[in-house]
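Undergrad: sequence and predicted structure, then a few things I'm wondering about:
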Amino acid sequence: MIEEKSIKDNKSFWQKINIFKVNSISPSLIIVVIVMYAVFGGINQDFFSFQNFKGIIASLSVTGIMSVGLAFVVLTGNFDVSIGSILGISAVIMGKLFNVAGGNIPIPVIIIIGLLVGAAVGALNGFLVTVVGINSVITTLGTLAVFRGLSFLYANEPSLIKNKAYVALGRGFIAKTIPYTIIYMLVIFVAGYLILRYTKFGRDIYQVGANPSAARLAGISTRKMQFWAFVIAGVTSAMAAVIMTSQAAFAQGEFGLGFEFTILTIVILGGISLAGGRGTLVGVVIALIIINSISNGLTMMSVPVNWREAFNGIILIAAILIDSVRVKRRELLKA
Amino acid sequence: MEKNLPEKKKFNFKLTDTIILLIALIALVVFFGFMNKDFFKYDNISSMLKNMVITGILALGLTPLMIARGLDISFGASISFTGVLMAVLYARGTPLVPTMIIGIIAATLIGLLNGFLIETFDLLPIILTLGTMSIFTAIAYVMSGAHSLPMLTDQLYYFATKSFLKVPLPLFLLILFTIVFWFILTYTKIGRVIYIIGANPKVANLSGIKVKNVRIYLYTFMGVVAGVASIVMVAITGVGNPLAGARMSLPVLSAVVLGGISLAGGAGSVWGTTVGVLIVTVIFNGLSVLNVPSYYIQMFQGVALILIVSLYEIRNTRAARR
């Protein structure tokens, strides 16, 4: 503890406030953002319009919040491909709750139930991975199918949400410019950042992913950390469900279909290493902006939706190539 | 002596495992037969067997790959893409045989791409193939305009509908594949190499096996297999459908894992996979004969995958404790 403090004291002011760690991926990602904006802006002047930025910002929060949760899971060295299905099932359940008992269930109760659904599915994933010991990809592939099936079954047609106060949660603006949703996202990101960086829980998450056996020797329960990471991913997906249903004013079984792919791309592009234990949420924010702006820019260039999906695949492959090169470079530096 | 001993031990162990699976299979068949009289009708059985051919071919292709600790989930996209590509080419007047050859070459190249990237850059196979999956699904959608493109030819129609001695023709293809894979894995040097890699890649590397090259071959071969599966798919359905492969991954993965292949590599056999394919086909066909809605079937696939792997994991931890 004392040693750590003295090291910190040696840092200059700039180092103290510098959220980009040395060897971080963030500076290169920022360059990507600048180049990308120049290209899109050059092709289409409307890209820089206020209206378009508002659109980009409003669309950030659902994927953004989910990528915070997934970052926790990937940091512990696991995967969760069921997050899109968690969003779906909790959205569908909340949508139904708005339409039972004459629509008189208070909003906070419904939101809490929605979040609990997310936490429960996350806990199920965590249980299967840590206690039963199944590979996390296979586990979540299974729960993905189960809960997607359930939400389709439960909501063949969209259930409308007529509660105005709830819809305002997703559609409201502060001073007519800043969407509420971006505030929620920033709160989650800051909370996630602080937890990962400044609490014992966060440090343990990194430790478990970086070196599980060392973590175990240091007295950290690796299973417990992995379990909680899955629960966090479940809860953040349910939060995204709250935002999505309030923005759309209805809930449908299709909500969140295929999201896991985009979000995995964001998290990996943001420098959270697939090997676990490396990366920060700062990179994830920038990656989030990159991915959303690309999809927005391609839409403005009227690129068909299917090509945009192919583009996402190419970015995912590029991101894992970069990750692999970075891992190898670290190994070389160590040796 | 040295060669025979470990082989025999392994064989006995797998035999007991496969017998348990066979008993489960018979129980399932009896159950579905009782629930619905149509289950044993010739039409149902022959359509079930035809569906099994595609799942079976893919599962067989995955078997050596997963034994050697690889994984490919892009085969569904590869089937969709190849199917659409062949339908487009055929509609433009390319003769059937060149169309099929081009289809197989395209699928092979996808496999080669997967293998090359994974092995050269040490990537996680599941993530990389997730990426290629999305790319080729998207291309299939764009090429087809999100429609099923008809591709009806006399030869493929004949292959898909006719039978020899009451056995549907596609089934012979599956039998041929099974025998070839079984022979390669059990009796050839390359089969032993695959098991050695799966058991311990580092040791395999030190003993002079070019692990990466072998795996690249296996990924490429998985591409070939996906190409063949795509042709069978086109023959049976008569269309090149961009959605054709989307629902293949869960049944195929379930079948392979059910057959005793662990994600940790090194274990598994062609017979295990074959029985796994049979069980998966019976379950899903049985459910659709019972008129279970497709959402339930999807859920059931998920539950089945988790249950199967749980049982194996629980048994493995018990064995490890002993």
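TA: That came through, no problem.
Undergrad: point out where the stretch 1-150 of chain A drops to low pLDDT.
TA: For the stretch 1-150 of chain A, the stretches flagged by pLDDT under 70 are A:1-24.
Undergrad: near chain B, which residues of it are found?
TA: A:79, A:128, A:132-135, A:137-139, A:141-150 (CB under 8 Å from any CB of the partner chain). (Each C-beta comes from the backbone N, C-alpha and C, glycine too.)
Undergrad: where do the strands of chain A begin and end?
TA: Here chain A has its strands, by DSSP state E, at A:159-160, A:173-174, A:178-179, A:250-251.
Undergrad: which of the helices or strands spans the residue in the stretch 151-300 of chain B positioned nearest to chain A?
TA: Residue nearest to chain A within the stretch 151-300 of chain B (CB to the nearest CB): B:M299, separated by 3.4 Å. Assessed by DSSP states H and E, B:M299 sits inside helix B:294-321.
Undergrad: circling back: what is the burial count for the closest residue to the residue of the stretch 151-300 of chain B closest to chain A other than its chain neighbours?
TA: Counting by CB to CB, 6 or more residues apart in numbering or on different chains, B:M299 lies nearest to A:G149, which is 3.4 Å off, once chain neighbours are set aside. A:G149 has 25 neighbouring residues, counting by other CB atoms under 10 Å in any protein chain shown.
Undergrad: what of A:N78?
TA: A:N78 has 25 neighbouring residues, counting by other CB under 10 Å.
Undergrad: just to revisit the earlier point, in TSV, list the strands of chain A along with mean pLDDT, mean neighbour count and distance to A:V282.
TA: As requested, those are exported to TSV (pLDDT from 0 to 100; neighbours: other CB atoms under 10 Å in any protein chain shown; distance: least, CB to CB, whole Å):
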stretch	mean pLDDT	mean neighbour count	distance to A:V282
strand A:159-160	86	18	38
strand A:173-174	81	12	24
strand A:178-179	82	18	21
strand A:250-251	89	24	33
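Undergrad: and those as CSV, adding distance to B:L71?
TA: Putting the strands of chain A into CSV (distance: least, CB to CB, whole Å) gives the following:
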stretch, distance to B:L71
strand A:159-160, 38
strand A:173-174, 46
strand A:178-179, 40
strand A:250-251, 35
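Undergrad: tabulate those (TSV), appending distance to chain B.
TA: Converted to TSV, the strands of chain A look like this (distance: least, CB to the nearest CB, whole Å):
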stretch	distance to chain B
strand A:159-160	17
strand A:173-174	34
strand A:178-179	29
strand A:250-251	16
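Undergrad: ranges for the strands of chain B?
TA: Using DSSP E, strands in chain B cover B:149-150, B:163-164, B:167-168, B:239-240.
Undergrad: so is the first one next to chain A?
TA: No - where contact is defined by CB under 8 Å from any CB, no part of strand B:149-150 touches chain A; the two come within 15.2 Å at best.
Undergrad: quick one: contacts of that strand?
TA: B:84, B:87-88, B:91, B:238-241 (CB atoms under 8 Å, 6 or more residues apart in numbering or on different chains).
Undergrad: residues contacting the residue most central in space within chain A?
TA: Among the residues of chain A, the one closest to the centroid is A:S67, at 1.0 Å (CA atoms, centre = their mean). By CB under 8 Å, 6+ apart, the contact list for A:S67 reads A:263, A:266-267, A:270, A:284, A:287-288.
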